[in-house]
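S.K.: Sharing a model that was predicted from the sequence below.
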Amino acid sequence: SGINAEYGESYHPYHFSCQNCYKPLDNKYKEKDNQFYCQLCFDTVIQDVCAACKKAIDGRAIKAASKAWCPEHFLCYQCERPLSGDKFMLNEGKPYCQYHYMKMFGVRCFYCDNRSSMQVIKVLNKNYCENHFFCTGCDTLLEEKKSRLSRWT
């Protein structure tokens, strides 16, 4: 008697084996990408495990930095705001929203010494917030003009 797998395929029991450990499969096999696995291999090797809750992810997973997250657990490490579909950045394998990443790890402004969550302007190996890039002669706020600044950088 044969084993009927998904897609209408039939196998002799001794040909129906796990794609990972090659042990014969029983009726509790799991399938992923048209490949069949025993429950143990599927749970420990094949199926993604959430980096936050440490549980197997059944369904959609968000992958970044060789880790996987349940969509509901992919949160900014600082403010816990959901990041699914938003821009995010990683530091030491932890996801951050763009605002908190820049606030915590962004470039420091030479003038105010704060970490900038905005764009920074780099001139003469110094970084400036957009609000602190001004002429030292007249204190007028300058706009970044690449063609005019390139000769000084």
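M.R.: Perfect, I can see it now.
S.K.: only C-alpha atoms for contact and neighbour calcs from this point on.
M.R.: OK.
S.K.: by contact count, what packs against the one helix or strand Tyr101 maps to?
M.R.: Secondary structure assignment for Tyr101, by DSSP states H and E: helix 98-105. Packing partners of helix 98-105 (3 or more CA pairs under 8 Å, 6 or more residues apart in numbering; DSSP states H and E): strand 88-91.
S.K.: One more pass at 10 Å, please.
M.R.: Applying 3 or more CA pairs under 10 Å, 6 or more residues apart in numbering; DSSP states H and E, we find helix 98-105 packed against strand 88-91, strand 94-97.
S.K.: Could I get the full set of helices for this structure?
M.R.: Counting by DSSP state H, the segments of the chain that form helices are 39-41, 98-105, 146-149.
S.K.: ok so, going back, touching the helix holding Tyr101 from outside, list them.
M.R.: For helix 98-105, the external contacting residues (CA atoms under 10 Å, 6 or more residues apart in numbering) are 76-79, 83, 86-91, 95-97, 106, 108, 114-119.
S.K.: Which parts of this structure are strands?
M.R.: All strands of the chain, identified by DSSP state E, fall at 3-4, 10-11, 30-32, 35-37, 62-64, 67-69, 88-91, 94-97, 120-123, 126-129.
S.K.: Mean pLDDT, distance to Ala52 and mean neighbour count for those - can I get that in JSON lines?
M.R.: Conversion of the strands of the chain to JSON lines gives the following (pLDDT from 0 to 100; distance: least, CA to CA, whole Å; neighbours: other CA atoms under 10 Å):
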{"stretch": "strand 3-4", "mean pLDDT": "53", "distance to Ala52": "37", "mean neighbour count": "15"}
{"stretch": "strand 10-11", "mean pLDDT": "70", "distance to Ala52": "39", "mean neighbour count": "14"}
{"stretch": "strand 30-32", "mean pLDDT": "84", "distance to Ala52": "23", "mean neighbour count": "15"}
{"stretch": "strand 35-37", "mean pLDDT": "88", "distance to Ala52": "25", "mean neighbour count": "19"}
{"stretch": "strand 62-64", "mean pLDDT": "88", "distance to Ala52": "12", "mean neighbour count": "16"}
{"stretch": "strand 67-69", "mean pLDDT": "89", "distance to Ala52": "7", "mean neighbour count": "20"}
{"stretch": "strand 88-91", "mean pLDDT": "89", "distance to Ala52": "14", "mean neighbour count": "16"}
{"stretch": "strand 94-97", "mean pLDDT": "91", "distance to Ala52": "10", "mean neighbour count": "22"}
{"stretch": "strand 120-123", "mean pLDDT": "82", "distance to Ala52": "33", "mean neighbour count": "18"}
{"stretch": "strand 126-129", "mean pLDDT": "86", "distance to Ala52": "34", "mean neighbour count": "20"}
